[in-house]
Structures are given as structure tokens and as C-alpha cells.
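# please find the sequence and the predicted model below.
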Amino acid sequence: MMAERLKKIRQMIKKKSIDAVLITSQLNRRYLSGFDGTAGVLLIDQNKALLMTDFRYIEQAARQAEQFEVMRFKDDLIKALVPLIRSAGWEKLGFEAKQVVCSFYRDMKKKLPVELIPLDESAEKQRMIKDDTELDILSRGAEILDGAFNYICSLIKPGMTEKEVALELEVYLLKQGAEEKSFSFIVASGKRGAMPHGVASQKKLVNGELITIDFGAVFEGYATDMTRTVALGNVSLHESKIYDIVKEAQHEGALAVKPGLRGKEVDAVARGIIDRAGYRDYFGHGLGHGVGLETHEEPVLNPRSSTVLKPGMVVTVEPGIYIPEWGGVRIEDMVVVTTDGMEPLTKSSRELIIL
């Protein structure tokens, strides 16, 4: 697995006509080497793969990054890079432009005996397509999310605060093996449901309101993400109508996920349903995003995305309607692109659950 990832990075190095690449992104470092420590860089050329880290992680790096030679540096990474570059005779060194802060770039430019080539991407394109190991982790993580949703539905009652709901979810997920939550959970009830990112507050839950719950956790390094909207007590016909529109958009949007389609084409399927129902102005975000080592990564499903979907990509499908001073509804699932369509990873009921 790691050998194949290194092979593709070396193909990128050749395509970019550079001698080597410096990987400073923590996520790309983990993806390419398996090392999940918090300090270190990768230095890769056509013949060698070097992981440079400090004394705290030498043993861990040697154990996790089997494809890499591990080297310890003390205080000054750039100083440690100089003899390596000179001995290799490199003339052009690629670096991750989106990951390097200006001060570090200035120091590299001043001190390194090599031409620095900014790269918009290093491993990001590779990461879009998940291998079998990654899909297994994401599938197991999604299964735990489904269990968490069932659990929280059994607890929700009038008088609980949104923060209490979020805390119960987080504790459950941690007990099931999550490393951490993948983002600040959204628990938005009643009028607060109009905020797509309505992070859980001290507002108390009351009967007759919809509650949008957006949550996820990190399992074995991989993020998960899921949203359901439930009703606490009976809701009005208008609220049921809005829910049904979003449910249809989510269902059809998920069915539209298939290899060969562009992100904007999938987005258009779900968006068209909401538009035709008269709620064009109340669905203001993209239909979905990639999920992997990050909660939000490529590819994206939105009206501007020209990315072509391919088997192994994992994306969310999450249409919503958000009406100020009324509330909102969102339903979200993680799905994986297959050879002829998609397969849902999160499988909780999409029917309106009345608690």
C-alpha cells in the first residue's frame, strides 16, 4: 500500500521535472509514510524516501514508516536539509505551497542550495481515491455513526440542551473507539436550524421543533460525517413538507453519484429538486464534499466542481433547506463511488423520526 503511494509520488516528481519533494503537511506525511506523530517531514526523490523527525518520535517513526529511512534532526530542520541536498546534487526541490508559512519559505529560500518549486498539490489527488484499507476504516467508522444516532435518539427529550446532546454523542463515540470528534458537532433546534453551521448551544429542546444533528468522529485517522434531522414531538404539515423535499433531494442526489459524472452534475440533480419546490434561495451550500483524512477534502459536489467522479472516491450528499426565523432541515450520508454507481456508508433511516 505505502509502496504504491510512493510510486505515485515519484511519478508526480517526474511529471513536474523536479528532483525531489519536501512533504510538510501532517496529513500527507501520514498518508505517504504511515507515521502519525506530530513532528516531522518527508523528503522523497526517485531513489530514496527519508523521514526526518526529532528524538521524541524516532522509535515510533521506525516502527510505523517501514518504507522510509528515519533520520533525527535536532533544532534546525533547514540546516539539516543543506548537506542532504548537496550530497544528492538536487537542483529543483518541490514543496507544498499551501502548507508552508511565509517565514519558513523565506528561510528555505535564503539557506537551501536549491531552486524551490511551489506545488499546489502533492498527495491530495492520490487521497481522493481510497484503497481497500481506507474504505474498510471508513465503513467501520460509518457503522459506529449509525449506532451513535440510534443511541442519541433514545436519549433526546424536552429540556435537554443542544450541548448536552452533543456531549452525549461525543462520549458515546469515544467509548466506541473514536480518537476524537472530527468537528464541533452541530445541534440546531427550532429556529436555530436555519444556521447550517449552528454549533450546539445552551438552548433547550422543546416539543414541536425539528432538531438537526451533524456529527462525526475520527477512527484510525479517518474522519466520518453524518447528519439527520429529527422531530421532537409532532410537527406541522409545513415542517413535514420541507423535510420531504430535502429527503427527496438527498435520495436522488445520492443515486446520481456514479463514475464519470462531474461534481456539478450530481449537485444539479439535488439542487433542481429544491429549486422546483420553490426553495432555491434557501439551499446556499454545495451538495457535498470528500471525506478521508480530513472531514472536508477533495472532491467536492457543488455548482462549480468539474472534478470527474471515480471509483473509490468517498463523498457526502447533504442537501438542506434553511429558512431564517423558521428553522431548517439537512440530511447527510457518506457514500463511496463504485464501478457502476455508489454504495452508502452511513445507513440510518432517512424517514422523519418523531421522538
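Ah, there it is.
# just the strands in the stretch 201-350 of the chain please.
Read by DSSP state E, counting those that start in this stretch, the stretch 201-350 of the chain holds these strands, from start to end of the chain: 209-215, 217-219, 222-223, 226-232, 288-290, 297-301, 314-317, 320-323, 327-330, 333-337, 342-344.
# now do the stretch 1-150 of the chain
Under the criterion DSSP E, counting those that start in this stretch, the stretch 1-150 of the chain contains strands at 20-23, 41-45, 49-53, 69-72, 92-96, 115-119.
# need the strands of the stretch 201-350 of the chain in CSV with mean pLDDT, mean neighbour count and distance to residue 58, can you?
(Each C-beta comes from the backbone N, C-alpha and C, glycine too.) Listed next are the strands of the stretch 201-350 of the chain as CSV, based on pLDDT from 0 to 100; neighbours: other CB atoms under 10 Å; distance: least, CB to CB, whole Å:
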stretch, mean pLDDT, mean neighbour count, distance to residue 58
strand 209-215, 98, 25, 37
strand 217-219, 98, 23, 25
strand 222-223, 98, 24, 26
strand 226-232, 98, 23, 38
strand 288-290, 98, 26, 33
strand 297-301, 97, 22, 30
strand 314-317, 98, 28, 34
strand 320-323, 98, 23, 47
strand 327-330, 98, 25, 46
strand 333-337, 98, 24, 36
strand 342-344, 98, 17, 41
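# okay, now residue 238: neighbour count?
Neighbouring residues of residue 238 were enumerated by other CB atoms under 10 Å; the total is 10.
# for it, give me the pLDDT.
Per-residue confidence for residue 238 comes out at a pLDDT of 95.
# how much space is there between it and residue 35?
Distance of residue 238 to residue 35, computed by CB to CB, to the nearest Å: 53 Å.
# torsion angles phi and psi at residue 76?
Main-chain dihedrals, residue 76, degrees, to the nearest 10: phi -120, psi 100.
# start at 19, not 1
OK, 19 is where the count begins now, so the last one is residue 94.
# how many neighbours does it have?
The local packing of residue 94 (other CB under 10 Å) involves 11 other residues.
# relative to residue 146, how far out is it?
When residue 94 is compared with residue 146 (using CB to CB), they lie 35 Å apart.
# list the buried residues of stretch 148-165.
Within stretch 148-165, the residues that qualify as buried are 148, 152-153, 155-164, counting by 16 or more other CB atoms under 10 Å.
# now flag whichever of these is closest to residue 348.
Lowest distance from residue 348 to those (CB to CB) belongs to residue 163, with 15.0 Å.
# for the nearest residue to the closest one once chain neighbours are set aside, name its beta-bridge partners.
Taking CB to CB, 6 or more residues apart in numbering, and ignoring the residues beside it in sequence, residue 163 has residue 244 as its nearest neighbour in space, at 4.7 Å. Taking DSSP bridges, one obtains residue 233 as the residues bridged to residue 244.
# check contacts around residue 244.
160, 163-164, 167, 232-234, 350-352, 364, 366 (CB atoms under 8 Å, 6 or more residues apart in numbering).
# hmm, 10 Å instead?
159-160, 163-164, 166-167, 231-235, 309, 334, 336, 349-352, 363-366 (CB atoms under 10 Å, 6 or more residues apart in numbering).
# and for residue 191?
Taking CB under 10 Å, 6+ apart as the definition, contacts of residue 191 comprise 159, 162-163, 165-166, 169, 197-200, 203, 233-237, 242.
# then residue 202?
Applying CB under 10 Å, 6+ apart, the residues contacting residue 202 are 184, 188, 215, 217-218, 232-233.
# residue 324 and residue 282, how far apart?
Here the distance between residue 324 and residue 282 works out to 7 Å (CB to CB).
# quick one: which of those two has more around it?
Using other CB under 10 Å as the criterion, residue 324 and residue 282 rank with residue 282 on top: 18 against 9.
# with just CA atoms, put whichever helix in the chain runs longest into PDB.
Looking only at the chain and at elements set by DSSP state H, the helix with the highest residue count is helix 150-173. Output in PDB follows, covering the C-alpha atoms of helix 150-173 (Å, rounded to 0.1, in the frame of the first residue of the first chain):
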ATOM      1  CA  ASP A 150      -9.500  -1.100   0.200                       C
ATOM      2  CA  THR A 151      -7.800  -0.500   3.600                       C
ATOM      3  CA  GLU A 152      -9.100   3.100   3.700                       C
ATOM      4  CA  LEU A 153     -12.600   2.000   2.700                       C
ATOM      5  CA  ASP A 154     -12.700  -0.600   5.400                       C
ATOM      6  CA  ILE A 155     -11.800   2.000   8.000                       C
ATOM      7  CA  LEU A 156     -14.400   4.500   6.700                       C
ATOM      8  CA  SER A 157     -17.100   1.800   6.500                       C
ATOM      9  CA  ARG A 158     -16.500   0.700  10.100                       C
ATOM     10  CA  GLY A 159     -16.500   4.300  11.300                       C
ATOM     11  CA  ALA A 160     -19.700   5.000   9.500                       C
ATOM     12  CA  GLU A 161     -21.300   1.900  11.100                       C
ATOM     13  CA  ILE A 162     -20.400   3.400  14.500                       C
ATOM     14  CA  LEU A 163     -22.000   6.700  13.500                       C
ATOM     15  CA  ASP A 164     -25.200   4.800  12.800                       C
ATOM     16  CA  GLY A 165     -25.100   3.300  16.200                       C
ATOM     17  CA  ALA A 166     -24.500   6.700  17.700                       C
ATOM     18  CA  PHE A 167     -27.500   8.100  16.000                       C
ATOM     19  CA  ASN A 168     -29.700   5.300  17.400                       C
ATOM     20  CA  TYR A 169     -28.200   5.900  20.800                       C
ATOM     21  CA  ILE A 170     -28.900   9.600  20.800                       C
ATOM     22  CA  CYS A 171     -32.400   9.200  19.600                       C
ATOM     23  CA  SER A 172     -33.100   7.100  22.700                       C
ATOM     24  CA  LEU A 173     -31.900   9.900  24.900                       C
END
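# good, we can wrap up now.
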